[in-house]
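Novice: coords please:
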Amino acid sequence: MYMDKDEHCFYGTHSIRANQLKELGFFPALVDILAVAPIVGFEYGRRAQRNDQDNEEKSMFLGQLKRIDTNAELNYKTIMLLDVDYEPKEEKRYQKAFQTAADQRLPEDLERYEEYVRGGVDFLYEKLVGTGNTQSERLGELYEFVESFTNRYSKQE
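Specialist: Residues are numbered from 1 along each chain as shown. Model prediction:
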């Protein structure tokens, strides 16, 4: 597992936002958001600090986390490998990504990863839920997000 823990929690604003993304049907479960959010956060340069607003907390337990274990581990390694702003030295990035056992990862590295998770939740919430009040407005926001993502990665000939 990408972290040596029996559970993962979203807190405060991120708990509220992740739960709303799930309840509106954008993701079937919170654990699915956890599988996507760190890469979205990293790709769009979004990080966020933890907050405990409204004392909200949503947990995912070991059984759920095992379902995304391979993806979460790959996400962690990819971010540690590619985040040159966090670690400019290539050799250290390789070490963080491939040579450090999961139970020996530095707390600051895990926190950096979690910042991308929270930033990804914020970005997904803004793009998918947005300011739209109706289902059709939300679908329009979703379409715009998917189109922008497609344009970002499709070959322009």
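Novice: now the residue positioned nearest the centre of the chain: which helix or strand?
Specialist: For the chain, the residue sitting closest to the mean C-alpha position, by Cα atoms, centre = their mean, is A37 at 2.1 Å. For A37, the element it lies in under DSSP states H and E is helix 30-43.
Novice: ok, now S59?
Specialist: Counting by DSSP H and E, the element that carries S59 is strand 57-61.
Novice: now do that strand and helix 30-43, the angle between them.
Specialist: Inter-element angle recorded for strand 57-61 and helix 30-43: 110 degrees (by axes from the mean of the first three to the mean of the last three Cα atoms, to 10 degrees).
Novice: for strand 57-61, buried residues please.
Specialist: Along strand 57-61, these residues count as buried under the neighbour rule (16 or more other Cβ atoms under 10 Å): 58, 60. (Glycine included, C-beta is placed from N, CA and C.)
Novice: contacts only, for R118.
Specialist: Each residue near R118 by Cβ atoms under 8 Å, 6 or more residues apart in numbering is listed here: 10, 14, 37, 41, 47-50.
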